[in-house]
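In: With the input below, show me the fold.
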Amino acid sequence: MILCVFWRLLTLSHEKERDMQLFLKPNDTFFFRDGRPFTRGEQSEGYSIEMPFPSTVMGALRTAYIAFCGDLAKFVDNQMESVIGTKQSLDGASIHIKGVFLGRDEGSLYYPTPRDLVSEKKSQDPRLYPLSIELPTDTFAS
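Out: Take a look at the predicted model:
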């Protein structure tokens, strides 16, 4: 499995935009969890979630950019604001996350099924159909 990040990069003048894809290939399995702490006591298990939040991916991209530049002091002094924002805000950043999806490889991504598609109950037919609303025929006017 890979993780595909769709993101938009603005130029420094913020006049042009480029939509880009970033493919993250893990050395081990992906594991995303909720924000509950691991604490000793009666409940000591962690809870996983299906996909990371876009803010988590943005944090990873910002951290990678800071590591690539090799100077945490520039981030602390807001000298990287035009690229990755500041400690307090992403306003002014030229990187914007548009979506995060799983995939088998770079050519086949998995997108969530729209919630207005349904299948027939207890049917072996794998097809999905658009949800439609049928109005009652015995309507009355008041």
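
In: in a helix, that's where residue 63 is, yeah?
Out: Yes - when DSSP: H, G, I helix; E, B strand; the rest coil is applied, residue 63 is found to be in a helix.

In: Return the residues in contact with it.
Out: Contact analysis of residue 63 by C-beta atoms under 8 Å, 6 or more residues apart in numbering lists nothing. All C-beta spots, glycine's among them, are computed from the backbone N, C-alpha and C.

In: Please give the element, helix or strand, for residue 59.
Out: Following DSSP states H and E, the helix or strand that holds residue 59 is helix 54-69.

In: Just the element for the residue nearest the centre of the chain, please.
Out: Taking C-alpha atoms, centre = their mean, the centroid of the chain lies closest to residue 100, which sits 3.2 Å from it. Assignment of secondary structure by DSSP H and E places residue 100 within strand 95-105.

In: quick one: the strands in the chain?
Out: 2-10, 17-24, 95-105, 108-110, 117-118, 129-130 (DSSP state E).

In: Adjacent strands (with direction) for the fifth one?
Out: As defined by DSSP bridges, the strand partners of strand 117-118 come to strand 129-130 (antiparallel).

In: Show the average pLDDT along the strand it pairs with.
Out: Model confidence over strand 129-130, given as mean pLDDT, is 86.

In: okay, and for the protein, where does confidence drop off?
Out: Along the chain, segments meeting pLDDT under 70 span 9-16, 38-39, 41-44, 79, 87, 139-142.
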